[in-house]
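Peer 1: the sequence and its predicted three-dimensional model are supplied below.
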Amino acid sequence: MGRPEKVIKRFAEISKGFTWDEFVKVMAHFGFNELQTGKTGGSRRKFVDEHKNVISLHKPHPQHIMKRYAIKEALTTLKRLGHKL
C-alpha cells in the first residue's frame with residue numbers, strides 16, 4: 001500500500017491526529033481543489049470539484065489537526081457523491 005492509500009485509509013477510519021495538509025491531499029485525490037480566499041477569508045474553507053460540488057468546513061487552528069466531526073462531514077459528502085473509500 002503506497003502513501004496516498006495509507007492517508008486515504010486513515011481519513012476513512014477518522015483517525016486521531018489527521019492533519020489539514022493530509023486532508024487537502026485526500027480532497028485533491030478525489031478531484032476537489034481548495035478555493036482561494038481573500039485577505040480576510042477567515043478559517044472557513046471550500047473545496048470544489050469539476051461538477052461544482054462543494055465541501056465547506058473550518059480549517060483548524062492554531063494546530064493543524066482536523067476535528068473528527070469535520071472529517072465525518074467530508075466523508076459523508078464524498079460517499080454521497082459516489083466516491084469509494
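Peer 2: Yes, it's here.
Peer 1: just for this structure, where's the confidence low?
Peer 2: Across the chain, the ranges flagged by pLDDT under 70 are 1, 38-41.
Peer 1: all helices for it, in order.
Peer 2: Counting by DSSP state H, the chain has these helices, from start to end: 3-12, 20-29, 68-80.
Peer 1: wait, what's in contact with the residue most central in space within the chain?
Peer 2: By CA atoms, centre = their mean, the mean C-alpha position of the chain lies nearest to residue 23, the distance being 4.1 Å. Contact analysis of residue 23 by CB atoms under 8 Å, 6 or more residues apart in numbering lists 11, 66, 71, 74. C-beta: built from backbone N, CA, C; applies to glycine.
Peer 1: reformat these as JSON lines; add neighbour count and distance to residue 2.
Peer 2: Output for the contacts of residue 23, formatted as JSON lines (neighbours: other CB atoms under 10 Å; distance: CB to CB, whole Å):
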{"residue": "11", "neighbour count": "23", "distance to residue 2": "15"}
{"residue": "66", "neighbour count": "23", "distance to residue 2": "22"}
{"residue": "71", "neighbour count": "20", "distance to residue 2": "21"}
{"residue": "74", "neighbour count": "22", "distance to residue 2": "21"}
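Peer 1: out of those residues, which comes closest to residue 32?
Peer 2: For those, the residue nearest residue 32 by CB to CB is residue 74; the value is 9.2 Å.
Peer 1: quick check, that closest one in contact with residue 57.
Peer 2: Yes: counting by CB atoms under 8 Å, residue 74 touches residue 57, with 6.6 Å between them.
Peer 1: what's the spacing between residue 71 and residue 46?
Peer 2: Residue 71 sits 16 Å away from residue 46, going by CB to CB, to the nearest Å.
Peer 1: can you check residue 57 too?
Peer 2: 8 Å.
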